[in-house]
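Trainee: sequence first, then the predicted structure, then my questions.
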Amino acid sequence: MKLIYWMTILLLLIFNSCNAQDKDKVITIDELTAAMEKDSSTIILDVRTAPELSGPLGHIDGVIHIPLQELDKRVDELDEFKNKQINVICRTGRRSGIAASILNEKGFKAKNVLGGMKEYREKGN
């Protein structure tokens, strides 16, 4: 009984610490738009394919475009932003989450934009 109790406590602690870390690696659409209003040089990396940028969701003006499939080969294009926050966006947040993880592993300060372009447009942007 004691073993199950302590294992449950341990799992809860691990789960909570992982969630705390994740909050440091994500940004909401509201936080992103506020950052863009405050600082026009906010860095946004769009990791969707080229056809998606001209599709119905469009793109945010001034984004850096590197599709997720090319990120590993083209990551050096982001070196000038190594000490700045890079907000990574895609259609819904799945690919941008992968891209943000890749960038963070390579020493960048990247945040995944939760909800992606879909939520960005749904909020009237």
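Mentor: Perfect, I can see it now.
Trainee: if I look at Met36, how far off is Ile89?
Mentor: 12 Å (CB to CB, to the nearest Å). Any C-beta I mention is one placed from the backbone N, CA and C, and that applies to glycine too.
Trainee: now do the shared contacts for those two.
Mentor: Overlap of the contact sets of Met36 and Ile89 (by CB atoms under 8 Å, 6 or more residues apart in numbering) consists of 44, 60.
Trainee: higher neighbour count, those two?
Mentor: Neighbours per residue (other CB atoms under 10 Å) separate Met36 from Ile89, with Ile89 holding more: 30 against 17.
Trainee: which ones are touching the more buried one?
Mentor: Taking CB under 8 Å, 6+ apart, we find Ile89 in contact with 32, 44-48, 60, 63, 96, 113, 116-117, 120.
Trainee: between the residues you listed, which is nearest Ile102?
Mentor: Nearest to Ile102 among the contacts of Ile89, counting by CB to CB, is Val47 at 9.6 Å.
Trainee: give the burial count for that closest one, as a bare number.
Mentor: Val47, neighbours per other CB under 10 Å, totals 27.
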